[in-house]
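> sequence first, then the predicted structure, then my questions.
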Amino acid sequence: MQCAALHESICLASYSFIVQQTKIQFLDRLLRQEFFMGVREKIKSNIRNNLNREYFRRLLGILARKPILYTYGSTFSSIADKYLNIYTIENIRDSYDKRKPVVFGSLFLPYELFHALDTVPFLPEVMAGFTAGLGLADQTLKKASSSWYSQDLCTFHRSASGAVEMDLFPDPAFIICTNLACDAAQKSFYHYSVTYGIEKNYHLLDVPYDNDPDSIKYLAGQLEKLAQSISNITGKDIDREKMSRTIELSNELREYALKINNIRKELRSYPGNFNGLNFILPFHGLIGTENAVKLYKSVCQELESLLKKQKEKDPVRTPKKILWMHLKPYYKTEIFDIIARGNCIVAAEEINNVYWSRMDPEKPYESLAKKMLSHPLTGKASNRIKALGEILDGYGIDGGVLFTHWGCRQSNGSTRLIKDYFNSRGIPVLVLDGDCVDRTNSSEGQVNTRLQGFIEILGARP
């Protein structure tokens, strides 16, 4: 089976070479899409049957080669999807190729710091979403259960823990997490450090409850000590110029993200397969890199062009706007097809809210501390509700969907408060119980029925 997967990769290389060298005109986008769709499915099948870290490393080394990667990217119907896939594959390849130290990090860390220190961030929680998309979650979750991980643990962490137990992830040099938002990460990540035998390189960033000058100073001090600790172990001095450049790149991404969000306030449709909930890796893990800026710049240009065409056409029926809260299922689902068929659009996502101010490149640790303390999930639940209220006002939202992912205490704990707030604003909200990773822990029929009913309610409103 391993040879079969490599054979498919060689087919990819051969196909890319033909296209690059001969420019055969009849190999249009449709043909490329059909070819790559078949290859992708075969590779997925081979991955499911060859759960082996060395196999992943070799396969990624082939798939991430520029001719293959960009030919593959040309099969996507939107610029957003193209570069999102390209940069994601490159990032995962970098984490497996052993050229730089790998940092396992939880979702809400300031990843600018790790890029500035010339390490490769690897986000186990995000990778758990990929396991669901690849159809591997059944196996990783089964392994976690057999290793006595609790069934009430968030399945992002359970799936990631199963993958660690199966030795599927790259070897980390550091494991770092924060108490911001997620309590499961602290326990899971420490256990990873024990599994990999690097307890001394496990760090927990303690984010204070309040956002005030003392808290900023306290958190900035932790970030500086963390940077120095990584520098001491890697033997590389902290490059102040690179640190400043990374903060500048983060600021650039922030500006493009704000422009994208403003464009989306007017858009009535999106490019094919565009889904803002897919941008969790670049918005968090890749921020502070040139690739992330290129991605957001290209998305901004694509949506600008679409908005311009929209304004030139005759007015069409305006879709109802939905605010999506928390995350989505990362396995195949009909949810977003149902939304589109009901003349609705996900106009905004909670995870794409730009909540922090422009940072000062000359004060990197203080700036990153301010960013972390500005997160709506820091402190009181009212901070989150305030941020949601600003989205409701800015986008003219018609209804909200809160996906209450199994085991996510930090999000689900404020469900009633969010419902009450939406009701006080006269805006319908659907609390959709489900699971982002484990499809067996979510009733697809019930989810679809409840969502269809909600869409009907929105459609009946003026």
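Received it, and whenever you're ready, just let me know what you need.
> residue 167 versus the residue most central in space within the chain, what's the distance?
In the chain, the centroid-proximal residue (Cα atoms, centre = their mean) is residue 280; its distance is 2.0 Å. Distance, residue 280 to residue 167, using Cβ to Cβ, to the nearest Å: 25 Å. C-betas here are computed from N, CA, C, even on glycine.
> could you do residue 331 as well?
Counting by Cβ to Cβ - residue 331 and residue 167 are separated by 23 Å.
> can you pull out the strands in the stretch 1-150 of the chain?
Counting by DSSP state E, counting those that start in this stretch, the stretch 1-150 of the chain has strands at residues 102-105, 120-122.
> what's the most buried one of those strands?
Of the strands of the stretch 1-150 of the chain, the one with the most neighbours on average (mean count of other Cβ atoms under 10 Å) is strand 102-105, at a mean of 27.
> tell me the strands beside it, with direction?
According to DSSP bridges, strand 102-105 forms sheet pairs with strand 120-122 (parallel), strand 174-178 (parallel).
> for that strand, give me every contacting residue.
Strand 102-105 has contacts (Cβ atoms under 8 Å, 6 or more residues apart in numbering) with 95, 111, 114, 119-124, 169-177, 189, 192, 230, 285.
> now the residues you listed: which count as buried?
95, 111, 114, 119-124, 169-170, 172-177, 189, 192, 230, 285 (16 or more other Cβ atoms under 10 Å).
> what's the burial count for the residue nearest to residue 166 when sequence neighbours are not counted?
The spatial neighbour of residue 166 that comes closest, neighbours along the chain excluded (Cβ to Cβ, 6 or more residues apart in numbering), is residue 143 at 5.3 Å. Look at residue 143: counted by other Cβ atoms under 10 Å, it has 20 neighbours.
> hmm, residue 143 is touching residue 160, no?
No: the pair residue 143 / residue 160 is not scored as a contact, 10.9 Å apart, by Cβ atoms under 8 Å.
> now do the contacts for the nearest residue to residue 193 once chain neighbours are set aside.
In space, residue 193 comes closest to residue 202 once its chain neighbours are excluded; the distance is 3.7 Å by Cβ to Cβ, 6+ apart. For residue 202, the contact set (Cβ under 8 Å, 6+ apart) comprises 174, 175, 176, 189, 190, 193.
> dump the residues you listed into CSV; add distance to residue 216 as well.
Formatted as CSV, the contacts of residue 202 follow (distance: Cβ to Cβ, whole Å):
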residue, distance to residue 216
174, 24
175, 25
176, 20
189, 24
190, 26
193, 28
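> just these now: which is nearest residue 249?
For the contacts of residue 202, the closest approach to residue 249 (Cβ to Cβ) belongs to residue 176, at 20.4 Å.
> which residues touch that closest one?
With contact taken as Cβ under 8 Å, 6+ apart, residue 176 is in contact with 103, 104, 105, 106, 109, 114, 189, 202, 203, 204, 205, 226.
> want to throw those into JSON lines with pLDDT?
Output for the contacts of residue 176, formatted as JSON lines (pLDDT from 0 to 100):
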{"residue": "103", "pLDDT": "98"}
{"residue": "104", "pLDDT": "98"}
{"residue": "105", "pLDDT": "98"}
{"residue": "106", "pLDDT": "96"}
{"residue": "109", "pLDDT": "97"}
{"residue": "114", "pLDDT": "98"}
{"residue": "189", "pLDDT": "97"}
{"residue": "202", "pLDDT": "98"}
{"residue": "203", "pLDDT": "98"}
{"residue": "204", "pLDDT": "97"}
{"residue": "205", "pLDDT": "98"}
{"residue": "226", "pLDDT": "98"}
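> now, which of those residues lie within helices?
Cross-referencing the contacts of residue 176 against helices under DSSP state H gives 114, 189, 226.
> how much space separates the nearest residue to residue 404 once chain neighbours are set aside from residue 418?
Among residues not flanking residue 404 along the chain, residue 412 sits closest, at 4.8 Å (Cβ to Cβ, 6+ apart). Here residue 412 is placed at a distance of 10 Å from residue 418 (Cβ to Cβ).
> do residue 237 as well
Distance, residue 237 to residue 418, by Cβ to Cβ: 46 Å.
> same thing with residue 92?
Residue 92 is 34 Å from residue 418, where distance means Cβ to Cβ.
> again with residue 138
Taken as Cβ to Cβ, the span from residue 138 to residue 418 is 32 Å.
> do residue 220 as well
Residue 220 is 31 Å from residue 418, by Cβ to Cβ.
> how about the contacts made by residue 295?
Here residue 295 is in contact with 80, 83, 84, 87, 282, 286 (criterion: Cβ under 8 Å, 6+ apart).
> what about the residue nearest to residue 177 when sequence neighbours are not counted, how many neighbours?
Spatially, and ignoring its direct neighbours in sequence, residue 177 is nearest to residue 106 (3.8 Å; Cβ to Cβ, 6+ apart). Neighbourhood size, residue 106 [other Cβ under 10 Å]: 26.
> surely residue 106 and residue 183 touch.
No: using Cβ under 8 Å as the test, residue 106 is too far from residue 183 to be in contact (10.7 Å).
> coming back round to it: residue 331 and residue 167: which has the busier surroundings?
residue 331 (19 against 13).
> my read: the more buried one touches residue 439, true?
Yes: between residue 331 and residue 439 a contact is recorded at 4.8 Å, counting by Cβ under 8 Å.
> common neighbours of these two, please.
By the contact definition Cβ under 8 Å, 6+ apart, residue 331 and residue 439 are jointly contacted by 132, 137.
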